Each structure stands twice: as structure tokens, then as C-alpha cells.
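Visitor: Next input, structure requested:
(chains A and B)
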Amino acid sequence: MSTPYAKLPAWADYGLIPVINLAVAFVVAGFVVMLVGENPFRAAVILVEGAFGRGQGIAFTLFYATTFIFSGLSVAVAAHCGLFNIGGEGQGYIAGLGIGIVCLAFDSVLPWWLTFPIAIVASAAMGALWALIPAYLQAKRGSHIVITTIMFNFIAASVMVYALVGFLKPPSSMAPQTRTFLEGAQLPKLNWVIELFGAKIRSAPLNICFLLALVMALLVWLLIWRTRLGYEMRTYGHSPKAARYAGISETRIIIIAMMISGALAGMMALNPTMGDQHNVALDFVSGAGFVGIAVALMGRLHPVGIVLAAILFGMLYQGGAELAFEMPAISRDMIVIIQGLVILFAGALEHMFRPYVQALFASFSPRSVGIEAAKGKGA
Amino acid sequence: MAQAAIELIGINKSFGAVRANRDINLEIVRGTIHGIVGENGAGKSTLMSILYGFYQADSGEIRVGGKPASIKTPNDAIALGIGMVHQHFMLVDNFTVLENVILGAESDALLKKSIAKARSELERLEREYGLEVDPDAIIEELPVGLQQRVEILKALYRGAEILILDEPTGVLTPAEADHLFRILKQLKEQGKTVVLITHKLREIMAITDTVSVMRQGTMVATRVTKETTVGELAELMVGRRVLLRVEKGEAEAGAVKLAVKNLTVKDSRGVTMVDDISFELRAGEIVGIAGVAGNGQSELLEAISGIRRAVSGSVMLDGKPIDLTGAADPGELRDRGLAHVPEDRHHVGLVLAFEENENSILGYHDDERYLKGPFLDIDAIRNDAKDKITKYDIRPADCRLKTANFSGGNQQKIVLAREMEQDPGVLIVGQPTRGVDVGAIEFIHKRLIAMRDQGKAVLVVSVELDEIRSLSDRILVMFAGRIVGERSPEASEGELGLLMAGVEQREAAE
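Guide: Sure thing, here's the model as predicted:
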């Protein structure tokens, strides 16, 4: 007999449960703050105000979110094909090589709006190529993608040290980073958009990569739910046997999905390099590829959820920095703990409260969890 | 009046909005064999799971031996003398029979004493009930019938007075099933109580003393087996009259559509599963392949449909060769008019997490009817799915519903609708009605015969001998990877059963 499965209405599934998870994460984080002798309510106020209180904070929050949207989408595309790409960090890092070469070559001759598309292609291509080898090994040799992608993170790190120290850095410089890009490779800021709403911004790195991230979110949605390729990827992701039955080539679909995933991870490198620092420096990705895993999980692998989750993590990054500044007892490491709790409750323990919420719904409105209400969103 | 071994009084159980058991009352008399029949999803398994402590009833009372009992875990049930033999065996494959029997019932940290005790106990059980098994045999080396016997021994070893068997004959040959029934009768004579859950009405008639019928979570009737008929039970199960055997005319076999020659297939471990098989399938006929599960039928289907590589042999489709040992893939075969309804609809034929309409194009998703450039034509797909839902009476009629939320019969109709509506020349069907309720079986059989009457070639593989006999125009029997005989559907069940057990072949070899 099939297992009876009570389904929640979509608003509870996609709205209520993440909010509950988040609330619990913050309550537990509050206890941690109390433990170090600070007032958790004041800490919460500082965190939220730091992230959204002023135009400056909003711009920083969205800047961080931009990177996370790319890395979250990257994880999600692979996950829809049943692949766990934890190599976004390395794919993004190696994409910096492509960006660096393009920018150093063209920033003096082309305007930014010509350099940018070339750099997009270069970053996507580098990221895709970096994902191609693990994908090929998985498809042809059965080497587990989790192992190979994480090894490729280390390889990418070494290659980038070699490249930055060797040929990307200016000969006279001591710092392992490229020279500062000229205007032809500096992306326009978006701060003026926030200023339209009356906020004042001194300087913040929010740039047009944010718009590119939103466009990519839309394209990923189209790819996954509206194209034949996305259909094949989802089929393989849910059931490799069904994919075989449907005549979908395993090798082809794994390689394509991983290359798209790698390309998205590669594009996340545009934001901190061309958008902010105007150079390619050592360790510029700084963990954003891993945050993408949490973002994708929390966003339920749906682009809309990923954008929202990325903004949440942007808030934690920006608000967390403010918190560390305002409350000396709360160090950077404490912020990492709070982020970890959010990941734990929203990602890893995502289904912890679901049975209780379902029981609650069933008790006061059995119809609402019946089959009649089973029309989910997200096509 | 004989004493009741188990009384269930007013049992209710809901899963969310689904009421799996409503107000069930049931009395099982000590020392009898009590059958429980019902369609899939009627609530039989839920009821037995409550009795065995897997679930808790929302309300109601269980009495064992006249005393109210609280059964919260399977251990409580075992302590009360209730044992269960599951449909899917709960055995450790690489342990011996003895080790499996004592598993979870070891008396102390060292196994020596437990094993010695178990050995003498097994010998006693063997004498009393005729449950012969070599105690030192490794489970995975035993045939399925013997593995099931180990499950029964496990329950008896734990002191079971009441034995629940869930669909025990699904994996057995007719001969093995007969042997099981003899054992059950012997258990009954020794005073044990047996509860038999099944959907096979013939077995109910053959062995039970009393039979209870469940439908949609309620207990609709309890009958003394001698005083009822298969027809009455079927009607009670479905709630309307059903045709147990679909009427069909003579086959008009035409040209050869599919010719299989010397086909050999190995499984992933390198074991030869299909051994040098040859047969022909003609337009306008249904050929049934009978056999006990695991004799190579699955691999044969997978090879012919391009899912599994064949080792050697040739196959002609419409007179043109297909390269089953090399490049052929399911997509190519589909394009050439060979449709396949796989045995395992949950993992192969459907993606349960998909919406119904998404499954209605699986395998045909590269058909330009469903595409606009690289994009899926969502409107075309959904309209197409709605047409099929109407035509095949798929319920609920909602093409946006997740496929996992359809019942087994309706899921099978989704697969059949998809494959049949492509108007293929050859249709290959594995287990057409496994896990499908009686009402839907009738519908599916009629559709298959309608396909035949339109001049299509149909190959049916099923472990249900009744189904093979009722559908087929010719029956091929498979045993150990070979076709051991061809019979007409009028051949007696006994004759087919012997072939399925490989008896005739062995005699011929001697």
C-alpha cells in the first residue's frame, strides 16, 4: 500500500516552514549571544539595521547577495540533475583567471560594455571547463562527483596562486594580485538606484552584476522548467532508470548539467573582481561557492527561493560585519556560528518541523492538506 | 463459540486527510485461517501494521486472547505471540538460517548458547510442522520459497501463536505456494492462528476458513469461506460486478513484427539471465511470457526495449535488424514503433515527483508535437495529457497533480495511455497489473486486447499465471533464462506450473 502523504498548501510549504526554520535558528543564535554576555535583542536589531537600516547597508547586502545568487543557482542546476556540485568555489576561482586575462587585455582599448560581455563568456567558459573534467569522470568512469569537485577546488587554488604569482601580477609588485583594472573593465555601480529612494550612500560595491544575477535566475527557471534539456535533467535527477528508459543519454546529460553549473559558478567571479575590487586577487572567492550550497538548499532549488535566500545570506554577511563592529564581545567567528545555525536549521534540518506543521494543519482543516490542495507552485 | 485470538474493536487510523481505516471491527477465531482481501489501498496493510505495532490506531481497542492489549512496537506484538511474515523478506542475505532466526533474540553477548538453543528448537519446529530448512545454509543461496519458510520459522521461534502473512505467494511458484498452504494447514492443526492478507481470491477459497473483505478503509463483510464464491468476494471488494476474465475473440495473427533470435543477456554481475532465446511475435496476437519472477523475464524485456545491452543474438523489428548488442537505445526503438510499459513503473516508467502531464511525455519528450524550438510546449503537453486522462479514465482527472499522489492502478493507466496513444506497431508490457486494483485490471486487459484487435503485436510478461492465461493467444514459459515450452492458453495450470518450476526440462535432461 502506498504511504499516505499529507501535503501542505503552497503558501505554508514555501513560506511558513522557511520562516519557522529561520526563527528557530535565530532563537538558538540568541542563546549563543547571551552566552557571551550580550543582549540578543539588541544584537538582532544591530544585525537587521546594519543590513537594511541605511542605503549603505542595503547596497552591501545586495552586493553580497549577487555572488550568492550565482553560486546558489550553480548548485541548484546540478542538483536538479541529481548531481551535488560542491566545486563552485574552485569553478568560481578559476574563472577569475579568465576574467583577469580578458580585463588586462582589453581594459585599455574597449569600453566596459564591450569588456563585460567578453568577460562573462570567459568566466562562464572557465567555470564550465573546470566542471567538465569531474563531469566526464563521473559520466564515464563513475568517479564520484562530490570527491572530484572538492579535489578540483584545491587544484584551482594552487593554479591560481601559480597564475597570480607567475604572470598575472605586475612584475614589480609584491602582492599576489593583478594590477588595478582601468575604466574599461570597471562595472557601473547601481547605488544610484537605492539613492532614488532617498537613501544616502558613501561608497558601496553594488554593481550591474546584480542585474545579471537576476537575469540568470530567470534563465535558470526557464531552463529547468520550460526546456527539453531541463526536462531531461530533472528526469535524470529524479530517476536515472527512468531517464535510461526515456532514451536520455546519461553521459550527455551529466556533462551538460555540470558545465552549466560550472558556468554559473564561474560567473560569480565577475562581481567581486570587475564589480568591486577591480583586480583579481588571491582568495577573492572567499567561501562564496560553499555558501551557494546553503543558499540553494534553503531556496528549495527554485530560482525565486535562491534569490531570497541569497539576500538573507547577504544580510547575515553585512549585518554580521556591523555586529562585530558594534559589539566587541561578538567576534567574526560568532558571526560564522550564527550563519552556521541558519544553514543547519534552514538547510540540513529543513524537514524537522514539517511533520508538526502538517499535523497542525490536518487537525483544524483536513481539507487543506488533502489532495485537493496539492497544486504546488513552480510548474 | 470458539475463542477469539484477536478482536479489533472500532479501529480508526488517518494519515492526514486520508482515512486508511474507519471504524474497523474484526474478530479472528483461534485455530483458524482467516483471510483478509481488498484492493490496493483498501487499508489491509495499515490494519495489520496497527496490529503488529508499526502504527498506532487513532482510536479503538485491540484485544488479544480476550484481554485488552496495548501494542506500541513490534516487540509488544511479539511478546503477545503475534508474528508477521512480510511481503518483502526481512532477512540478512549473507547470514545463515540460524543466524537470521536468532537475530534480535540472542540470549547473551556470546552467540554460542543462542545458536545451540536455536538449533534444537529448529529441529523441533521442523518435526512438528514440516518446515524443513538446512539451518546452516546461507540465505542468499536459498530459493525464495525457502527464504519465506525462514521468515515463518523466525516468527515461530519467537513463540508466535498468531501468524500474519502479507501477500505470501506473490513470489512463489504454484508448487511452492501449495507447499506453503500445506504448512499453514499444519500450523492450524497445531492450534496456531493464521491471518492471510492477499488479493488472490483463488487462494482465499483454497485455504481459509473465514474471509473478511475491506474496501476503502472499511470492513465491508466477513464470510465463512465455504458459503461464499469468488464472484461475490470480487463484487464486495470493488463494490460492483467485475469481469474476472475478459472476453476476447480469436486472434488473427499476421506478419511477423518482432523476431528474436538466439538472444543472450547477462546481468550486471555477469550472470547469464537470458540464455539463447528465440521467438517470434506477430501482428494481431498477444504472446504471454510466464515464469516465476527472476527467471530472466525482466532482463529479456530490458534487452528488447534497448535498456540493457544484450551479449549476443539478433532482433528484427518489422524485418529490419536492431542492434541490441550495440548502439540501439530506447529512443531509437520508440521512433521505430516499439513501445514499452516497464515492469517497475515507480522507478522506470514514471518519475513520481513529476506532475502527471510531465510523465505523459516521458520518452516522447523530443517529439516535435511537444516542443517549440528548445522549449517545451506546455499548453500542448497539458492538453494532450488531459485528452489521455479522459480517454483512459485516469483519476483524479488533474494533469497538474503529482504522480506519486495517484493510486497504483491510475499510475499504470498513465504509463499505458502514454505508450498506447503513440500507436506503436509492437507493444511490450511487463507486469501489466502488478499492484493494480481489480477494477483497473479489467480496464487494462480490455485495452490490451483492443490493441491486439487493431493488429498490433503485444508481448506480455507477468508473474500472474491467471493473467497470462486470460490475455495470451500463445504462452511461452521461461525458466532459468530459457524458453522451456510453448503452450496454448487452454493448457492446464498444473502443466504450466510444472514448466515454470523447470520440472519437465530436468526430466528431459535425465
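Visitor: Contact partners for the one residue in the stretch 251-400 of chain B that gets nearest to chain A?
Guide: At 2.6 Å from chain A, B:Gly331 is the closest residue in the stretch 251-400 of chain B, using CB to the nearest CB. For the C-beta atoms, the positions are set from N, CA and C on the backbone; glycine is no exception. The contact partners of B:Gly331, taken as CB atoms under 8 Å, 6 or more residues apart in numbering or on different chains, are A:Ala246, A:Gly247, A:Ile248, B:Gly306, B:Gly363, B:Asp366.
Visitor: And for the second one, nearest residue in space, chain neighbours not counted?
Guide: Once flanking residues are discounted, A:Gly247 sits nearest to B:Gly331: 2.6 Å by CB to CB, 6 or more residues apart in numbering or on different chains.
Visitor: okay, the host helix or strand of the one you found in PDB with CA atoms only?
Guide: Using DSSP states H and E, B:Gly331 sits in helix B:330-335. Extracted in PDB, the C-alpha atoms of helix B:330-335 (Å, rounded to 0.1, in the frame of the first residue of the first chain):
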ATOM      1  CA  PRO B 330      15.200   3.100 -26.100                       C
ATOM      2  CA  GLY B 331      14.700   6.400 -28.000                       C
ATOM      3  CA  GLU B 332      15.600   4.800 -31.300                       C
ATOM      4  CA  LEU B 333      13.300   1.800 -30.700                       C
ATOM      5  CA  ARG B 334      10.400   4.200 -29.900                       C
ATOM      6  CA  ASP B 335      10.900   6.000 -33.100                       C
END
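Visitor: Which SSE is immediately downstream of that helix?
Guide: Next along from helix B:330-335, by DSSP H and E: strand B:338-341.
Visitor: what sits up against that following strand?
Guide: Contacts for strand B:338-341 (CB under 8 Å, 6+ apart): A:245, B:258, B:301, B:304-305, B:317, B:330, B:333-334, B:349, B:412, B:415-416, B:419-420, B:422, B:424-430, B:432.
Visitor: Those in strands, which ones?
Guide: Cross-referencing the contacts of strand B:338-341 against strands under DSSP state E gives B:Leu258, B:Leu317, B:Val426, B:Leu427, B:Ile428, B:Val429, B:Gly430.
Visitor: Whichever of the residues you listed end up buried, select them in ChimeraX.
Guide: A single ChimeraX command suffices to select whichever of the ones in strands among the contacts of strand B:338-341 are buried according to 16 or more other CB atoms under 10 Å in any protein chain shown:
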select /B:258,317,426,427,428,429,430
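Visitor: With pLDDT and distance to B:Arg395 as extra columns, can I get the ones in strands among the contacts of strand B:338-341 in a markdown table?
Guide: A markdown table is the format used below for the ones in strands among the contacts of strand B:338-341 (pLDDT from 0 to 100; distance: CB to CB, whole Å):
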| residue | pLDDT | distance to B:Arg395 |
| --- | --- | --- |
| B:Leu258 | 95 | 33 |
| B:Leu317 | 93 | 35 |
| B:Val426 | 96 | 29 |
| B:Leu427 | 96 | 23 |
| B:Ile428 | 96 | 26 |
| B:Val429 | 96 | 21 |
| B:Gly430 | 93 | 23 |
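Visitor: Count the residues that sit near the closest residue to B:Leu111 other than its chain neighbours.
Guide: Using CB to CB, 6+ apart and skipping residues adjacent in sequence, the residue nearest B:Leu111 is B:Ile102, 7.3 Å away. Residues near B:Ile102, counting by other CB atoms under 10 Å in any protein chain shown, number 21.
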